[in-house]
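Visitor: Fold the following, please.
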Amino acid sequence: MTDNGKTLEELFADEIVTKAIVHDVELPYGAGLMALITLDNGFDHTKPSTFGPAGLTSLGEALDAVAARGDLA
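Guide: The predicted structure is shown next:
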C-alpha cells in the first residue's frame, strides 16, 4: 500500500508491462549454458520498453529464478 491507500498496481493500472523472459543458450565448445534474459513489452521493436512496478517485478523474478538455478555460466 502507498500513502494514499492504493497499491502500486492500482496507481499504475495503465502500465504496459515489460516482461523478462529467460532463455537458455548453449555456449560453444561445451562451455555450458548461459541465461539470456529478453525484455518484451508486447509491441514491436519501435516501442520503448519501460519499467513500472509490474515490469520491475517481472525482471526481479527472472533474476531470482536464474540465481536459484546456479547451473549457468
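Visitor: Show the low-confidence segments of the protein, by residue range.
Guide: Low-confidence segments of the chain (pLDDT under 70): 1-3, 71-73.
Visitor: Please, where are all the helices along it?
Guide: Here the chain has its helices, by DSSP state H, at 8-11, 53-69.
Visitor: what packs against the last one?
Guide: This means helix 53-69. helix 8-11, strand 19-26, strand 33-40 (3 or more CB pairs under 8 Å, 6 or more residues apart in numbering; DSSP states H and E). For glycine as for every other residue, the C-beta is placed from the backbone atoms N, C-alpha and C.
Visitor: Redo these as TSV? Include mean neighbour count and distance to residue 61.
Guide: Below are these laid out as TSV (neighbours: other CB atoms under 10 Å; distance: least, CB to CB, whole Å):
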stretch	mean neighbour count	distance to residue 61
helix 8-11	13	15
strand 19-26	13	7
strand 33-40	13	11
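Visitor: Any chance of TSV for the ones you listed, columns distance to residue 53?
Guide: Putting these into TSV (distance: least, CB to CB, whole Å) gives the following:
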stretch	distance to residue 53
helix 8-11	4
strand 19-26	13
strand 33-40	15
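Visitor: Give me the outermost residue of the protein relative to its centroid.
Guide: Distance from the centre of the chain peaks at residue 29, with 28.7 Å (CA atoms, centre = their mean).
Visitor: Quickly note the distance from that residue to residue 70.
Guide: Going from residue 29 to residue 70 by CB to CB, to the nearest Å gives 21 Å.
Visitor: thinking again about what came up before, the helices and strands packed on helix 53-69: which one's closest to residue 62?
Guide: Residue 62 sits nearest to strand 19-26 of all the helices and strands packed on helix 53-69, at 3.7 Å, using CB to CB.
Visitor: Please identify the pairing partners of that closest one and their relative orientation?
Guide: Within its sheet, strand 19-26 is paired with strand 33-40 (antiparallel), according to DSSP bridges.
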